[in-house]
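In: 3D, please:
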Amino acid sequence: MTATAATAREAGAGWDARQWSRLLVLSGNMLLDAIEVSVILIALPTLAARFGLTPWGAQWLMSGFALGFAALLLLGPVLCARLGRRRAYLGAMLLFGVASLAGGLAGGPALLVAVRVVKGCCAALTAPTGLAIINDLFPEGPERRRALSVYSLFGAAGFTAGLLLAGGLLEVDWRWVFVFPAPVALVLLVAGAYVLPREQIDGGAGGGPGPGDGDAGARSGDGGPAAGPGGGGTGGGAADRGGPAHRPGARLPSPALLKRGPLLRSALGAASLNGTYQAVLVVMVFQMADGFGWSPWLSALALLPACVPLALTVPFAGRFIARHGSGRLVTLGALFPLLGYVLYLARPDSGSYPLGMLPVLLLVEAGFCCAFVALNTQATAGLDPADRGAAVSLYQAAVQLGAAVLLPAVALLLTHATGPRPALALITAAGALGLVAALARRTTR
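Out: Next up, the predicted model:
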């Protein structure tokens, strides 16, 4: 064990029950955000059959969440500055629970998509605001690093939990996929109202994520520590770099920040990684259901290789970056998935899971393990402390837009083209763009 790891463990061991309860409440929300992505992924074929939807129609249940997340993410700091972090966080959690109940009562796909958009908007407030609260509650250094490790682990594990939950809930009734987050959100809301201190979070006029706050999703959002594949989340590298915990006000992030090479390349790379990941899983779940005749539970088990390794490696991401450098990991994180997409494109109709889909899933997940936190670290490298919060908002918006743009396009090809090859060709092209963005750093130094 290194001296840094030992110090971080000692920092965590020194927390009292209230400090642990605060961290677990905030981490529980990140878990829920990540679950929201994967639970709907497994449900897509079931919902498509239930409502007579094509893959293009069904995918809006996923891309709607990403659109809502991206749309409100840039406004989040402004809302938090006006309302206060604690009030914004708890209000978004309450709305999230109400939207979950509405989804369970919905009678058609239009309302279900609207519910998903609303829940994406809520996640755009709770994910970065939760990280900002952690930065307030835990001093910079070993204590904050330890807290962010726990937070990251919950987010990364959420995608796996969502797959397994969907497999079980769909055996009962599809409505439970939408309803089950409601009681969880209620528990987190009540616990948060009790344990999150007003004086530290709502003090003064400060509200939005501060200059040192970081948020990098990952897959689900997010993504980061992300929330696991597809979710919204946080990147520990940026979040731990300090900066004032509060600001007297907040404004919309300036797109001019994207002129910074590392931030632009990281945003493009993360958009490619998240968008292609979600898109290829959509292709797979429909192929498993329609081509293989698999149940949702069997499909969920088959996708575990695409998420379990990330949950196991996230706690060690900081050591990987320190040893290999973020640039090298980002490049590998783009290369491995691209190899997987090329392999899938070459044999899209393979009837063998072990020889067909499984190698693709393992290559894509290897990319996430490499680039999950490294992309966020690269995105904020060299930025002034005052710009980091805005830069992270732009970065996370790009993560979500990657899914929001690519999912409809891929599903449209999956619906109208003959076979999955055209959809996979588009995914492969998007993955290649991610690799180009990663390699561009070498020529722009």
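In: The one helix or strand T160 maps to: which residues count as buried?
Out: T160 belongs to helix 142-169 when assigned by DSSP states H and E. Residues of helix 142-169 classed as buried by neighbour count (16 or more other CB atoms under 10 Å): 142-167, 169. (C-beta placed from N, C-alpha, C; glycine too.)
In: If we ignore the residues flanking it in sequence, what's nearest A191?
Out: V25 (4.9 Å; CB to CB, 6 or more residues apart in numbering).
In: pLDDT at the one you found, what is it?
Out: Looking at V25, its pLDDT reads 92.
In: where's it relative to A381, distance?
Out: When distances are taken as CB to CB, to the nearest Å, V25 and A381 turn out to be 31 Å apart.
In: Likewise for L24?
Out: L24 sits at a distance of 31 Å from A381 (criterion: CB to CB).
In: cool, and A102?
Out: As judged by CB to CB, A102 and A381 stand 42 Å apart.
In: next one: R144
Out: Relative to A381, R144 is positioned 19 Å away (CB to CB).
In: Check N135 too.
Out: 19 Å.
In: And the helices in the stretch 101-250 of the chain?
Out: Chain-ordered helices for the stretch 101-250 of the chain, with DSSP state H, counting those that start in this stretch as the definition, fall at 109-137, 142-169, 175-179, 181-195, 198-201, 236-239.
In: what's the answer for the stretch 251-400 of the chain, then?
Out: Counting by DSSP H, counting those that start in this stretch, the helices of the stretch 251-400 of the chain are 261-286, 296-302, 308-313, 317-324, 326-346, 358-371, 374-379, 385-416.
In: mind putting those in a markdown table, mean pLDDT and mean neighbour count included?
Out: Written out in a markdown table, the entries for the helices of the stretch 251-400 of the chain read as follows (pLDDT from 0 to 100; neighbours: other CB atoms under 10 Å):
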| stretch | mean pLDDT | mean neighbour count |
| --- | --- | --- |
| helix 261-286 | 93 | 27 |
| helix 296-302 | 96 | 20 |
| helix 308-313 | 88 | 18 |
| helix 317-324 | 82 | 17 |
| helix 326-346 | 95 | 22 |
| helix 358-371 | 94 | 23 |
| helix 374-379 | 81 | 31 |
| helix 385-416 | 88 | 24 |
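In: and R198, which of those is closest to it?
Out: Each of the helices of the stretch 251-400 of the chain has some distance to R198 by CB to CB; the shortest is helix 385-416, at 21.8 Å.
In: what angle sits between that closest one and helix 109-137?
Out: Helix 385-416 and helix 109-137 are oriented at 160 degrees to each other (axes from the mean of the first three to the mean of the last three CA atoms, to 10 degrees).
In: so how far is helix 385-416 from its chain's centroid?
Out: Computed by CA atoms, centre = their mean, to the nearest Å, the chain-centroid distance of helix 385-416 equals 11 Å.
In: Which helix runs longest in the protein?
Out: As assigned by DSSP state H, the longest helix anywhere in the chain is helix 17-51.
In: I'd like to know which elements the next helix or strand after it is packed against.
Out: Towards the C-terminus, the helix or strand next in line after helix 17-51, according to DSSP H and E, is helix 55-58. For helix 55-58, the packing partners by 3 or more CB pairs under 8 Å, 6 or more residues apart in numbering; DSSP states H and E come out as helix 17-51, helix 385-416.
In: Toward the C-terminus, what is the element adjacent to helix 55-58?
Out: helix 60-73.
In: Kindly calculate the angle that that following helix makes with helix 261-286.
Out: Between helix 60-73 and helix 261-286, the angle formed by their directions is 160 degrees, by the same axes, to 10 degrees.
In: by contact count, what packs against helix 60-73?
Out: Counting by 3+ CB pairs under 8 Å, 6+ apart, the packing neighbours recorded for helix 60-73 are helix 17-51, helix 109-137, helix 261-286, helix 385-416.
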